[in-house]
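> Fold the stuff below for me.
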Amino acid sequence: MLDKARGYLNHYEDCGDAVPTAAGMACELSVNKSTLYEWAKHHEDFSDTLDRMQSIQERKLSSGGLTGDFQPTIAKLMLANHGYHEKLDSQISGPNGGPMRVEVVFGDDGKEAD
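Down below sits the predicted model:
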């Protein structure tokens, strides 16, 4: 099975896969995806093969996303599994990026106004 798994990594495109996936490997080996991960827990060589699959997948997704060869939304979704994410930078500032002025207005009775 290890040889078949390695064979899949070398020829996943011949199987119709744009990137190697655990689902694709499981289909080619005629096992469930969960079986692959169980084998990886008990066999270091198989674990290394799954790690290599992840590295190949990440490389193909990142380069395919940059060149436009892959649909951007799917590439972004799949790259999230490799630790990629969008950074949303939220910052509040005053005019022209300067400091913000906060003004507290009190009512006639000395209490803060609503």
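
> residue closest to the middle of the protein?
Centrality entry for the chain: nearest residue to the mean C-alpha point is Ala80, 1.5 Å, by C-alpha atoms, centre = their mean.

> which residues does Gly24 contact?
Contact partners of Gly24, counting by C-beta atoms under 8 Å, 6 or more residues apart in numbering, are 8, 12, 15, 17. In short, each C-beta sits where N, CA and C put it, glycine included.

> Leaving aside the residues adjacent along the chain, what's closest to the last one?
Excluding the flanking residues, the one nearest Asp17 by C-beta to C-beta, 6 or more residues apart in numbering is Gly24, at 4.4 Å.

> Ala5 versus the one you found, what's the distance?
Gly24 sits 11 Å away from Ala5 when distances are taken as C-beta to C-beta, to the nearest Å.

> Equivalent analysis for His11, please.
11 Å.

> And the two? Which one has more around it.
Ala5 (23 against 12; other C-beta atoms under 10 Å).

> secondary structure class for that one?
Look at Ala5: counting by DSSP: H, G, I helix; E, B strand; the rest coil, its state is helix.

> these two touch, right, it and Thr49?
Yes: counting by C-beta atoms under 8 Å, Ala5 touches Thr49, with 5.0 Å between them.

> Could you report the pLDDT at Glu112?
pLDDT for Glu112: 57.

> lowest average confidence, helix or strand, in the chain?
Scoring the helices and strands of the chain by mean pLDDT, DSSP states H and E places helix 72-80 at the bottom, with a mean of 91.

> Check which residues of stretch 16-27 are buried.
17-22, 24-27 (16 or more other C-beta atoms under 10 Å).

> Mind putting those residues into TSV with pLDDT?
What follows is those, written out as TSV (pLDDT from 0 to 100):
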residue	pLDDT
Asp17	96
Ala18	95
Val19	96
Pro20	97
Thr21	97
Ala22	97
Gly24	97
Met25	98
Ala26	98
Cys27	97
